[in-house]
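1. next one to model:
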Amino acid sequence: MMAAVALFAVQALSVAETSKNVLLIGWDGARRGHVEKMLERNELPTLAALKAEGKMVNINVTTGATDTKAGWSQILTGYHPNTTGVHSNGKYQPITKGYTIFERAEKAFGDDKVYTAMIVAKSGHVDAAGPVKVPYQRWKTRSEKGPLKNLPEQARLRRNGMKVIQEGARRFVVAPGKPYFNAKDGMDLFVNGLKTDEAVSTRTLSEIEKNKDKRFLIFAHFARPDHNGHQFGEGSKEYSAGLKEDDEWTGKIIKRLKEMNLYKDTTVYVVVDHGFDVGKTTHRNAPYVFMATNDTEVRRPGDRADIGPTVLKRLGIDIAKLEPPLFGKPLTER
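-> Below is the predicted model of the structure:
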């Protein structure tokens, strides 16, 4: 691990007021306490090196559910759920056009000057599908054969943010558009459902290579700890293996950025949407996460809502002029 720390230190990012590029790497479902124990055992060398180079701070969730939809929507906007309308996996709507950090960057710098992308492992919950309206009986038949078939009907509806409406003699099941339905058109790339860390990393590096002459703001989303936590439980060896996989691919991305001579101009943030209930396969009350970064200007622990403002300020965007005002505050400010 010491060799990895030394390598990072040699190429440490010297951040002034702004950074040309920002790369957010999302570790979905990484519980802070579990990660800290793995760091003590020297099992996450990339995260340890990033911490040694810059900062690793505690992040808590104080508004919105500790789940995927609420988590990433807050991180990628800096807003309270009342502003985005994304409260949980089952209570959501499309985020208002222009509110995401990607759209803010496009507006600030111009489409020809910045490359923005969301490159996502999951297909559900970090998605951009439009509104849904289907006949009730068709939905009922499909849902009774689907992965939630053992749940009561009302629970199946709630899990997907759906409700039943009556139009004359006919009944329909309706659902709002997904959180990034509006935002996807305001960024250069939105792709989800890539599943593996390897696929996400490969696509991320490919997009950076193609757009290396522009500044970039990219979100690369890894899902392995969350998937393994739901299947095997937070305390399982599989959950730890998912975190090790995230760490390994984070390291490979950083290594390639250095080879392309881009790392010195890139601020990297490893961020987390929610933690996990200790020893369980759920994250109903899992507010304890973290942020690790090569940004030496980070000053304090904070809230999940503080991450978006931190990114925007690091890019040099005047967040005081944004409307509506952001809920979070930059972690570079006391």
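
2. next helix or strand past the worst-scoring helix or strand of the chain on mean pLDDT?
-> Least confident helix or strand, the chain: helix 2-10 with a mean of 42, by mean pLDDT, DSSP states H and E. Counting by DSSP states H and E, the next helix or strand C-terminal to helix 2-10 is strand 21-27.

3. following that following strand, which helix or strand shows up next?
-> The element immediately downstream of strand 21-27 (helix or strand, assigned by DSSP H and E) is helix 32-40.

4. could you give the angle of the helix or strand following that next one to strand 21-27?
-> Sequence order places helix 45-53 as the next helix or strand after helix 32-40, per DSSP H and E. Put simply, helix 45-53 runs at 130 degrees to strand 21-27, going by axes from the mean of the first three to the mean of the last three CA atoms, to 10 degrees.

5. pull the distance from helix 45-53 to the chain's centre.
-> Counting by CA atoms, centre = their mean, to the nearest Å, helix 45-53 is centred 20 Å from the centre of its parent chain.

6. which other helices and strands contact that helix?
-> Of the remaining helices and strands, those touching helix 45-53 by 3 or more CB pairs under 8 Å, 6 or more residues apart in numbering; DSSP states H and E are helix 2-10, helix 32-40, helix 237-259, strand 266-271, strand 288-293. Bear in mind the C-beta positions are built from the backbone N, C-alpha and C, glycine included.

7. mean neighbour count and distance to residue 327 for the ones you listed - can I get that in a markdown table?
-> Output for the helices and strands packed on helix 45-53, formatted as a markdown table (neighbours: other CB atoms under 10 Å; distance: least, CB to CB, whole Å):
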| stretch | mean neighbour count | distance to residue 327 |
| --- | --- | --- |
| helix 2-10 | 14 | 32 |
| helix 32-40 | 17 | 22 |
| helix 237-259 | 19 | 27 |
| strand 266-271 | 24 | 16 |
| strand 288-293 | 25 | 17 |
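
8. for the residue lying farthest from the centre of the chain, report the pLDDT, please.
-> The C-alpha centroid of the chain is most remote from residue 169, which lies 42.5 Å away (CA atoms, centre = their mean). The model reports residue 169 with a pLDDT of 95.

9. may I have stretch 316-327 exported as CSV, CA atoms only?
-> Output in CSV follows, covering the C-alpha atoms of stretch 316-327 (Å, rounded to 0.1, in the frame of the first residue of the first chain):
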residue,chain,number,x,y,z
GLY,A,316,-15.3,27.7,-11.1
ILE,A,317,-19.0,28.1,-11.3
ASP,A,318,-20.4,31.0,-9.2
ILE,A,319,-22.9,29.0,-7.1
ALA,A,320,-24.2,32.2,-5.4
LYS,A,321,-26.0,33.1,-8.6
LEU,A,322,-27.8,29.8,-9.1
GLU,A,323,-31.5,29.6,-8.9
PRO,A,324,-33.1,28.2,-6.9
PRO,A,325,-30.4,28.6,-4.3
LEU,A,326,-28.6,25.3,-3.6
PHE,A,327,-29.4,23.5,-0.3
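
10. who touches it?
-> Stretch 316-327 is contacted by residues 17-19, 63, 78-80, 83, 104-105, 108, 305, 308-309, 312-313, 330 when judged by CB atoms under 8 Å, 6 or more residues apart in numbering.

11. great, nothing more from me.
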